[in-house]
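Asker: Whatever this is, show me its structure:
(one chain, ligands or ions: 1)
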Amino acid sequence: MTNVEVLLGENRKFYPPKSLVENSNIKQWMDTHKITDLETLYKRSRDIEWFWGEVEKDLVEWYSPYGKILDDSNKPFYRWFTNAGYNIVHDALDRHMKTSIKDKIAYIFEMEDGRVTNITYSDLYKDVNKLANALKELGVGKGDRVAIYLPMIPALPTSMLACAKIGAVHSVVFSGFSAHALKDRIIDSGARTLITADGFWRKGKIINLKEQADEAVKGTGIENVIVYDWSHCDVPMRKRDTWCHDITTPQSTECETEIMDSSDPLFILYTSGTTGKPKGVEHVHGGYAVGVSQTLKWVFDLKPEDIWWCGADIGWITGHSYIVYAPLILGVTSVLYEGAPAYPEPNRIWEMIARHRVTVFYTSPTAIRMHMRFGDEWAKKDDMSSLRLLGSVGEPINPEAWMWYYINIGNSRCPIMDTWWQTETGCIIISPLPILPTKPGSAALPLPGFNAQVQDRDKNPVIDKGGDLVLTTPYPSMLCTLHNEPERYIEHYWDKSGMFICGDIARVDSEGYFWVQGRGDDVLNVSGHRIGNSEVESALVSHSYVSEAAVVGRPDDIKGESIAAFVVLKIGVEQSEGLKQELREHVAREIGKIARPEYLYFVNDLPKTRSGKIMRRVVRSAIITHDVGDLSTLANPEAVEEIEKALG
Ligand code: WTA
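Answerer: Residues are numbered from 1 along each chain as shown. Down below sits the predicted model:
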């Protein structure tokens, strides 16, 4: 064993500071429930109905009481807090207008050029109401889907909340996605309204978003495009377009919140699956509100005086849950940042933490590894003394990155919450708590109220062996279905014994700690972003020169995984470096820059089964282990040589 392995060995534990444990929200809750030790807490919370029934009382305010805590009569379409009158915006905004939170800062918003705007809860409340009234005037109502294609600017949470307020279902599409990706999502969701902006700032340049939006809405059912005047770049306005300020300025700052059923849909968020078609994950108002606020309160221990910064983009689930809904429900102050993370200098993020006195910071392993590469001196420039807790999400964090984060950013005193969860789960599921010892590289235990297991192929739970990660019980913030595809929801996620298949490979150690290793299905995880192998393959074969493609992940020191594509060209098409570049750009245009293959190889054939199915497993083995294993099921073993030759 090397020294590093000894230092990072799986039994190396880091204990949280005593004061943190003593003052933690979870400890307080245990005291009021007369629970004196963790074992009892975890044991009692296995009674999920008792647990969620207890915690919801401190988190949300129903308009009318619920019937059952959990209705499992129509599995796997579980319903939580049944028939309660509810709207998440009541807890995120309306309720605060009656307390001192009204004048508290909801978002410290910083633009890339350094300009800062403080947005109070009451500012946000008024902006949301004005937009909600404007949406109503355009004919948007309860149950209608609204597509939102916006950068990280205050207009994004405002738009989401305005939709939710009137009972419309938002479908946010990450602003880095291409016109094509936006179009697919608009069509699938059936949205008739799109909210976007003229452009936004990225690394000192204006990115024209409206151009993409214009391209995307062609041939869709979009009737109205609401455009935020943000970067003031020149954009043509068409008949269906309206400047946001033109329709919101005349509106009242009050708007009645639509009373929904707790199980009514709040939003759709598309995520990559194993087929080329993204999955429209649907979340509801009630259970989602309880799940996200509970986990933020316990895992990140947020208190009224905290300054919270979740560095994700709101276009992903992390931002939905932990930049928009959960922090607003808890009434805390969050940092919202428009720009690039290492711009204009590598220490931008650390400098902002110091300047805004951020107390709890949540980021991704990719971001941490990027900062490691800049060198320790960039992390040492700024005063990190305001921090008390750190978080990581999106992909497995390697112990080396964990230690770097712990030492350089947390000054060896801030516990790191390595939180495992998914778009589908809506909130954090497996995670350390500020009262638990942490192990670098492990996401620790399923939180109280959640239950998970690692299973072998025969579906038996296993300890100390890799296997499939499954969730064994339902929980309030779980997805309610896949939009338009209830059958796919059942088939894709649920096994015969009623367990939820996460698609990840994990291991549980002898102390019950979970070590999530990565996706076990055909989904890539590039910089914490899920991209389906087949999505990239479909994009490649949509190019007129391409006949077939196989896309696999290649381990990457910074991004976790990078995309490698093996492409068979149509007969007569000549291979060239120029064409490689063109195909990479074609994928960026079809899906977005995040999906652009880093490596692209031309081959004459791809390994296939006798039924003609491309065997990604073989391609993956060739690139990762250089050992392709048993090829007896292959129809064309010579294709493997092609791959090996291409890899050099
Ligand atoms: C991966 C992001 C290891 C995992 C919230 C999961 C992680 C996928 C972790 C979901 C973690 C997320 N350790 N892997 N702490 N967090 N993942 O839907 O493969 O964008 O299935 O949700 O990210 O990605 P999604």
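Asker: what's the burial count for the residue nearest to residue 150 when sequence neighbours are not counted?
Answerer: Distance criterion CB to CB, 6 or more residues apart in numbering; nearest residue to residue 150, sequence neighbours excluded, is residue 156 at 4.4 Å. In this view, the C-beta of every residue, glycine as well, is placed from N, C-alpha and C. The local packing of residue 156 (other CB atoms under 10 Å) involves 26 other residues.
Asker: repeat for residue 592
Answerer: For residue 592, the count of nearby residues is 23 (other CB under 10 Å).
Asker: Apart from its neighbours in sequence, what residue is nearest the residue in the stretch 101-250 of the chain that the ligand sits nearest to?
Answerer: Nearest residue of the stretch 101-250 of the chain to the ligand: residue 174, at 10.5 Å (CB to the nearest ligand atom). Nearest residue to residue 174, sequence neighbours excluded (CB to CB, 6+ apart): residue 315, at 3.0 Å.
Asker: Am I right that the one you found is in a strand?
Answerer: No - Residue 315: not assigned to a strand; according to DSSP: H, G, I helix; E, B strand; the rest coil it is coil.
Asker: can you list the residues of this protein near the ligand?
Answerer: Contact residues (CB under 6 Å from any ligand atom) of the chain with the ligand: 271, 316-318, 393-396, 418-423, 443, 502-504, 516, 518-519, 525, 530.
Asker: let's go with 8 Å and repeat that
Answerer: Residues of the chain lying close to the ligand by CB under 8 Å from any ligand atom are 271, 316-318, 365, 392-397, 418-425, 430-431, 443, 502-504, 516-519, 523, 525, 528-530.
Asker: Give me the subset of these lying in strands.
Answerer: 271, 392-393, 418-419, 430-431, 502-504, 516-519, 523, 525, 529-530 (DSSP state E).
Asker: What subset of these is buried?
Answerer: 271, 392-393, 418-419, 430-431, 502-504, 516, 518-519, 523, 525, 529-530 (16 or more other CB atoms under 10 Å).
Asker: Nearest the middle, which residue of the protein would you pick?
Answerer: Centroid-nearest residue in the chain: residue 317, 3.2 Å away (criterion: CA atoms, centre = their mean).
Asker: which ones are touching it?
Answerer: By CB atoms under 8 Å, 6 or more residues apart in numbering, the contact list for residue 317 reads 269, 271, 281, 421, 422, 423, 426.
Asker: roughly how far apart are it and residue 283?
Answerer: The gap separating residue 317 from residue 283 is 9 Å, by CB to CB, to the nearest Å.
Asker: before we move on, the earlier item: spell out which helix or strand contains the residue nearest to residue 150, please.
Answerer: helix 155-165 (DSSP states H and E).
Asker: Can you list the strands that the very next helix or strand once past that helix pairs with?
Answerer: Using DSSP H and E, the next helix or strand after helix 155-165 towards the C-terminus is strand 169-172. In the sheet, strand 169-172 lines up against strand 145-149 (parallel), strand 265-271 (parallel) (DSSP bridges).
Asker: Over the first one, what's the mean pLDDT, rounded is fine.
Answerer: Just to be clear, that refers to strand 145-149. Average pLDDT, strand 145-149: 98.
Asker: one step back: my read: the residue nearest to residue 150 touches residue 149, true?
Answerer: No - between residue 156 and residue 149 there is no contact under CB atoms under 8 Å: 9.6 Å.
Asker: which neighbours do the two share?
Answerer: residue 172.
Asker: List the buried residues in stretch 92-110.
Answerer: Those would be 92-96, 101, 104-110, for stretch 92-110 by 16+ other CB under 10 Å.
Asker: how about the strands of the stretch 451-600 of the chain, start to end?
Answerer: Under the criterion DSSP state E, counting those that start in this stretch, the stretch 451-600 of the chain contains strands at 452-455, 467-471, 481-482, 500-508, 514-519, 523-526, 529-532, 546-556, 560-569, 599-602.
Asker: now those as a markdown table including mean pLDDT and distance to residue 381?
Answerer: Below are the strands of the stretch 451-600 of the chain laid out as a markdown table (pLDDT from 0 to 100; distance: least, CB to CB, whole Å):
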| stretch | mean pLDDT | distance to residue 381 |
| --- | --- | --- |
| strand 452-455 | 97 | 40 |
| strand 467-471 | 96 | 39 |
| strand 481-482 | 98 | 46 |
| strand 500-508 | 95 | 36 |
| strand 514-519 | 91 | 33 |
| strand 523-526 | 90 | 29 |
| strand 529-532 | 88 | 29 |
| strand 546-556 | 92 | 27 |
| strand 560-569 | 94 | 26 |
| strand 599-602 | 96 | 35 |
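Asker: Could you dump those strands into CSV with distance to residue 622 added?
Answerer: Output for those, formatted as CSV (distance: least, CB to CB, whole Å):
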stretch, distance to residue 622
strand 452-455, 28
strand 467-471, 24
strand 481-482, 33
strand 500-508, 20
strand 514-519, 18
strand 523-526, 17
strand 529-532, 20
strand 546-556, 9
strand 560-569, 9
strand 599-602, 11
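Asker: Might you name the residue of the stretch 451-600 of the chain sitting closest to the ligand?
Answerer: Closest contact between the stretch 451-600 of the chain and the ligand, by CB to the nearest ligand atom, is at residue 516 (3.8 Å).
Asker: Provide a list of residues in contact with the closest residue to that residue other than its chain neighbours.
Answerer: Take residue 516 and drop its neighbours on the chain: the residue closest to it by CB to CB, 6+ apart is residue 506, 4.5 Å away. Contacts for residue 506 (CB under 8 Å, 6+ apart) come out as 454, 466, 467, 468, 469, 514, 515, 516, 517.
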